[in-house]
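Colleague: everything below, folded, please.
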Amino acid sequence: MSRAAELLGEAQVFHIATVDGDQARVRPFGFVMDFDGKVYFTTGNMKDFYAQAKKNPKVEMSAMLPDGRWIRVNGVAVFDGNSAAKERAFELFDGFKNIYQSPDNPTFEVFYLDNLSATVYALNGEKEKIN
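Modeller: Presented below is the predicted three-dimensional model:
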């Protein structure tokens, strides 16, 4: 598993930033998975996040880790419609069934980060590049 995916999963909630015109927008996410060597996330294509990331796919996320450090991850969001990734996401998180009913729902989207870069930071100023 990717170290970035592992740490975001440990954090349980992480925040993803996009750009909306000249305004930054941040929202919480909670699902991440390592699939086929890529770090995948999910969203709905009816959400503002989707429209913003399609227009400008450069995104950045951050989360506090249980030990007090934090992680910053950035990359380029690639919406690939991977049906196997959608099915795996449904296997890993039952909550998707309540929202999207099935992986074939046309509003259910999966995306991964291309050119992923991740760094873990500590309060003492130390930082560790992990991807």
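Colleague: before we move on, which element is the most centrally placed residue in the chain in?
Modeller: When CA atoms, centre = their mean is applied to the chain, the residue found nearest the centroid is Phe41 (4.2 Å). Take DSSP states H and E as the rule and Phe41 turns out to sit in strand 38-44.
Colleague: check which residues of the top strand by length along the chain are buried.
Modeller: Looking across the chain with DSSP state E, the single longest strand is strand 108-121. Buried residues in strand 108-121, counted by 16 or more other CB atoms under 10 Å: Phe108, Glu109, Val110, Phe111, Tyr112, Leu113, Leu116, Ala118, Val120. The way it works is simple: take the backbone N, C-alpha and C, and place the C-beta from them, glycine included.
Colleague: is it true that Val78 touches Phe111?
Modeller: Yes: shown here, Val78 and Phe111 form a contact pair, counting by CB atoms under 8 Å, at 5.9 Å.
Colleague: picking that back up, who does the longest strand of the chain touch, helix- and strand-wise?
Modeller: On a contact count with 3 or more CB pairs under 8 Å, 6 or more residues apart in numbering; DSSP states H and E, strand 108-121 meets helix 3-11, strand 38-44, strand 70-79, helix 83-92, strand 127-129.
Colleague: of all those, which lies closest to Phe29?
Modeller: Evaluated over the helices and strands packed on strand 108-121, closeness to Phe29 peaks at strand 38-44, with 6.2 Å, by CB to CB.
Colleague: the closest one pairs with which strands?
Modeller: strand 33-35 (antiparallel), strand 108-121 (antiparallel) (DSSP bridges).
Colleague: now the last one: average pLDDT?
Modeller: In this case it means strand 108-121. When pLDDT is averaged along strand 108-121, the result is 97.
Colleague: and it, how far from the chain's centre?
Modeller: 6 Å (CA atoms, centre = their mean, to the nearest Å).
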